[in-house]
Every structure is written in structure tokens, then in C-alpha cells.
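Participant: model the structure of this input:
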Amino acid sequence: MKLLILILSIAFFFQSCKNHTKKDSQTTQQPSTDTVLQIENFTIWPEEVMGCSCYSSKNKEDFRSQRYLVIDDYFSKALIKVNGKTETLNLVSNDTLNSKKERLKIWKNDNFELRVETYEIDAIDEIWVHEGILKLTSNNEQTFETAIFGHCGC
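Facilitator: Sure, this is the predicted structure:
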């Protein structure tokens, strides 16, 4: 009888260790990278945007290298690459803020809202140089936000 209790106790001990190990490995799983917004640069100008436009990069170096985060046609649509796919968003708001040099544009599609708030820092002929903040929000509340530098003009 003692032998049976000893064998059952040992079996129970090994079983509980096995279950404990499974629980530990389940709690240390990393979140999926599919849920992170990966924003890519345009390195080739998209055919969808011709004529007057605004185009912005993360910084002046990217801008000089023609690597743009967002490109819009100045009137109705914006393009941004998210997780390897070019997203086209429609303009829903274009407001002048505290002065004529500050502007907030908002675009949306079924998956994202894009807010671009800019401040004009210079003008060269028919081109307005701006700095600002780009904020992209997905329908599942993930966001990507960065400072931007760019131009608008015809």
C-alpha cells in the first residue's frame, strides 16, 4: 500500500511540473508583429498623384533622398504605405488653424485615419516648405506618429 501511494505521489509530482512548464511558456509569448503599423517610404512617385501635391518625409535627409512617407494630391486623396500595402485615403477635413501658416488635414478610408498637422516655415516660388506631425491610426486603435518635413506646391 505504501508503495502504491509513493508511486502515485511521484506520478502526481511529475504531472504538476509538466503543467507548470506549459503555463510558463504560454505567458511568455511575444505579441504578434502583424499588429504593428509598419510605415514604408515611397521611393518612386505614385502615378495616382500628378500636378499640385504635398509630400512629406520623416526628416530633411529622407526628403532630399526622395523617400516620402505620405503624398497627397492637394485636393482629395493621400497615399501612405502601411504594412507593405499602399493605402489611398480620402480627404475629410482641411482646416487652417491659428494662422494662415498652420494647417490640419484629415484623410480616412475603411482601415485608417491619417492626420497631418503642418506649419509653413518657408516659401520658394510656388512651393511651401513645412514641418509638422503625421499621425496614422488604424481601426483597431494602433497608432504611428512621427515628425515630418516636406513641400506643398504646383
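Participant: heading C-terminal from the lowest-mean-pLDDT helix or strand in the chain, find the next helix or strand.
Facilitator: Scoring the helices and strands of the chain by mean pLDDT, DSSP states H and E places helix 2-27 at the bottom, with a mean of 46. The helix or strand immediately downstream of helix 2-27 is strand 39-40, counting by DSSP states H and E.
Participant: which residues are in contact with that following strand?
Facilitator: Strand 39-40 is contacted by residues 69, 80-82, 84, 136, 144, 146 when judged by C-beta atoms under 8 Å, 6 or more residues apart in numbering. C-beta: built from backbone N, CA, C; applies to glycine.
Participant: report the mean per-residue pLDDT for the helix or strand following it.
Facilitator: Downstream of strand 39-40, the first helix or strand assigned by DSSP H and E is strand 53-57. Summarised as a single mean, pLDDT over strand 53-57 is 97.
Participant: can you check stretch 92-107 too?
Facilitator: Across stretch 92-107, pLDDT averages out at 90.
Participant: give the contact list for the closest residue in space to Cys154 that isn't next to it in sequence.
Facilitator: In this structure, Cys154 finds its nearest non-sequential neighbour in Cys52, 4.1 Å apart by C-beta to C-beta, 6 or more residues apart in numbering. Contacts for Cys52 (C-beta under 8 Å, 6+ apart) come out as 73-75, 152-154.
Participant: whatever helix or strand Arg103 lives in packs against which elements?
Facilitator: Using DSSP H and E, the element containing Arg103 is strand 102-108. Counting contacts by 3 or more C-beta pairs under 8 Å, 6 or more residues apart in numbering; DSSP states H and E, strand 102-108 packs against strand 77-82, strand 85-96, strand 112-124.
Participant: okay, now the sheet partners of the first one, with direction.
Facilitator: Read it as strand 77-82. The partner list of strand 77-82 in its sheet, established with DSSP bridges, is strand 39-40 (antiparallel), strand 70-72 (antiparallel), strand 85-96 (antiparallel).
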